[in-house]
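Visitor: Got a predicted structure here, sequence first:
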Amino acid sequence: MTPDVAQAMEQVNAVASAPDDRRKKISMVVMSGDMDKLFGAFIIGTGAAAMGMEVTMFFTFWGLRALKRADAKTGTTFFGKMMGLMYGGGIEKASPSKFSFGGMGRWMFGKMMGAHNVATLPQLRDLAIDLGINMYGCQMSMDVMEIPQESFVKGVKDPVGVGFFIAEAQESQVTLFI
């Protein structure tokens with residue numbers, strides 16, 4: 001182990017073993033459902049959780065895709081069903097924000113990341129749940145887009161409003177909008 005890695009591990013262990021009243025917090029809004037932005041959000045979140053930080057992720061609008069099960073059906077009205085059809089699918093359907101090319105970009109990035117043993121988005125989301133990251137759907141966005149909580153993967157907390165996120169952010173040392 002190099003001295004830099006050893007020093008980093010000591011810092012991680014010091015943060016992880018700190019009393020709860022000294023535990024650092026990070027809060028983030030995840031508004032995008034783009035593959036690259038979801039990767040960024042989950043990598044930052046799981047990295048912070050692994051360092052012993054308390055992590056809150058607030059998913060709104062297109063970011064709600066990250067919480068949905070692959071087989072989830074959404075929408076009860078005509079517009080809600082159309083929205084679900086047009087944007088359909090869960091996290092595995094996320095495409096890159098650039099170079100999507102009708103799904104070809106998602107396939108290409110998947111191959112490239114697999115060649116470098118990079119975790120998939122579903123694996124990162126599962127890791128976030130295993131690390132105890134608090135993941136919440138925005139109630140207003142869920143209502144507007146007709147996405148019921150039952151369509152989310154197991155481990156997602158009950159939906160909340162923006163006031164809840166603001167209260168979390170006020171207590172956080174780091175706040176991000178992705």
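Guide: Arrived safely.

Visitor: May I have the residues that are in contact with the spatially closest residue to Asp34 that is not a sequence neighbour?
Guide: Sequence neighbours aside, Ser97 is the residue nearest to Asp34 in space, at 4.0 Å (criterion: C-beta to C-beta, 6 or more residues apart in numbering). Every C-beta, even on glycine, is put in place using the N, C-alpha and C of the backbone. Ser97 makes contacts with Ser32, Asp34, Met35, Asp36, Lys37, as judged by C-beta atoms under 8 Å, 6 or more residues apart in numbering.

Visitor: swap the cut-off to 7 Å and go again
Guide: The contact partners of Ser97, by C-beta atoms under 7 Å, 6 or more residues apart in numbering, come to Asp34, Asp36, Lys37.

Visitor: Pretty sure the last one sits against Ile178.
Guide: Yes: counting by C-beta atoms under 7 Å, Ile178 is a contact partner of Lys37 at 5.3 Å.

Visitor: how close does Phe79 sit to Asp34?
Guide: 23 Å (C-beta to C-beta, to the nearest Å).

Visitor: So which of the two has more stuff around it?
Guide: Shown here are Phe79 and Asp34; by other C-beta atoms under 10 Å, Asp34 has more neighbours (19 against 12).

Visitor: CA-only coordinates of stretch 127-140 in CSV, if you can.
Guide: This file holds the C-alpha atoms of stretch 127-140, laid out as CSV (Å, rounded to 0.1, in the frame of the first residue of the first chain):
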residue,chain,number,x,y,z
LEU,A,127,-24.7,-0.3,-3.5
ALA,A,128,-26.3,3.0,-2.4
ILE,A,129,-29.1,1.1,-0.8
ASP,A,130,-26.7,-1.3,0.9
LEU,A,131,-24.6,1.7,2.2
GLY,A,132,-27.7,3.2,3.8
ILE,A,133,-28.0,6.2,1.5
ASN,A,134,-31.3,7.9,2.1
MET,A,135,-33.0,8.1,-1.3
TYR,A,136,-36.3,10.0,-1.6
GLY,A,137,-38.6,10.7,-4.5
CYS,A,138,-40.1,14.2,-4.9
GLN,A,139,-43.8,13.9,-4.1
MET,A,140,-44.8,16.7,-6.4
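
Visitor: buried ones in it?
Guide: Leu127, Ala128, Ile133, Asn134, Met135, Tyr136, Gly137, Cys138, Gln139 (16 or more other C-beta atoms under 10 Å).

Visitor: The second one: which element?
Guide: Pointing back at Ala128 there. For Ala128, the element it lies in under DSSP states H and E is helix 121-130.

Visitor: circling back to that earlier point, out of the contacts of Ser97, flag the one nearest to Thr46.
Guide: Lys37 (15.0 Å; C-beta to C-beta).
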